[in-house]
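A.B. asks: Need the 3D shape of this:
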Amino acid sequence: MAPQDKWTAQWAPAIRCWGEGGRVVKLIGYDCSSADQRRYAHAEGYADPRYDYRYPLRELGWTRADCIARIERAGLPVPPKSSCFFCPAMRPHEVDALSKDELRTIILMEARAKPRLRTIDGLWRKPVVGRGGATPRPGNITAYIRQHGLLSPSEVDRIVADAPLALVAFQAAQACKPVEQRMSMARWLDAFHRGQSAD
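C.D. replies: I've put the predicted structure just below:
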């Protein structure tokens, strides 16, 4: 919520509302599905003197399925889940739909972090056995990518072996330069993806 609060702090209608002693009404999109029930329970009781919080989907009693049905009835496309492609909450079927560049970035992130991991396996933290209706999966997404052939084993091996060292070398080289002369991480990632795609 911090990025939203920062943006709102610069928004003229909010500034005017606060100047008049009012509170801005924040509409939060939690629905009545089980996952959002947990999020709501965690957020319930949160107070900020600048805001009043409302949960319109909960007020309507709508679950995620209700929201999807309403969007489809209106003839609109159902928006995709709004999370980062490397979110620990990604489900296996969502990983299946990722682009090759996104899969490579996940492998790079997990490989770079692996030497420092002590209590978790990777982005998915711990393996899920698959009881109680959960989809079984390993604790790291790289193992899932390998198991399901989303990238070739040789490409996964190459990224794990080479990319973290290349990234560290890039970071060390950039650290020696004045800030205004440093290459952005985005440019390095573009070159990384081009190099992988060329094989």
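A.B. asks: For Arg118, see how far away the residue nearest to the spatial centre of the chain is.
C.D. replies: By C-alpha atoms, centre = their mean, the chain has its centre lying nearest to Cys84, at 2.5 Å. Noted for Cys84: a distance of 23 Å to Arg118, by C-beta to C-beta, to the nearest Å. C-beta coordinates here come from the backbone N, C-alpha and C atoms, glycine included.
A.B. asks: picking that back up, which secondary structure state is assigned to the residue nearest to the centre of the chain?
C.D. replies: coil (DSSP: H, G, I helix; E, B strand; the rest coil).
A.B. asks: Equivalent analysis for the one 10 residues further on, please.
C.D. replies: Secondary structure for Glu94, judged by three-state DSSP, is helix.
A.B. asks: Just list the residues touching the residue nearest to the centre of the chain, thanks.
C.D. replies: If a contact means C-beta atoms under 8 Å, 6 or more residues apart in numbering, then Cys84 has no contacts.
A.B. asks: contacting residues around stretch 9-22?
C.D. replies: Outside of stretch 9-22, the residues that reach it under the criterion C-beta under 8 Å, 6+ apart are 8, 23-24, 50.
A.B. asks: so for that stretch, what's the average pLDDT?
C.D. replies: Per-residue pLDDT over stretch 9-22 has a mean of 95.
A.B. asks: Low-confidence bits of the chain, can you list those?
C.D. replies: In the predicted model of the chain, residues 1-2, 38-45, 198-199 satisfy pLDDT under 70.
A.B. asks: pretty sure Lys26 contacts Tyr51?
C.D. replies: Yes. Under the criterion of C-beta atoms under 8 Å, Lys26 makes contact with Tyr51 at 5.0 Å.
A.B. asks: Shouldn't Gly21 be within a strand?
C.D. replies: No. Inclusion of Gly21 in a strand is not indicated when three-state DSSP is applied; the result is coil.
A.B. asks: count of residues packed around it?
C.D. replies: 6 (other C-beta atoms under 10 Å).
A.B. asks: Likewise for Arg137?
C.D. replies: Under the neighbour criterion other C-beta under 10 Å, Arg137 is assigned a count of 21.
A.B. asks: and it, how far is that from Ser152?
C.D. replies: From Arg137 over to Ser152 (counting by C-beta to C-beta), the distance is 20 Å.
A.B. asks: same question, Pro164
C.D. replies: Summarising the geometry, the distance separating Pro164 from Ser152, computed by C-beta to C-beta, is 19 Å.
A.B. asks: which secondary structure element contains Asp52?
C.D. replies: According to DSSP states H and E, Asp52 maps onto strand 51-54.
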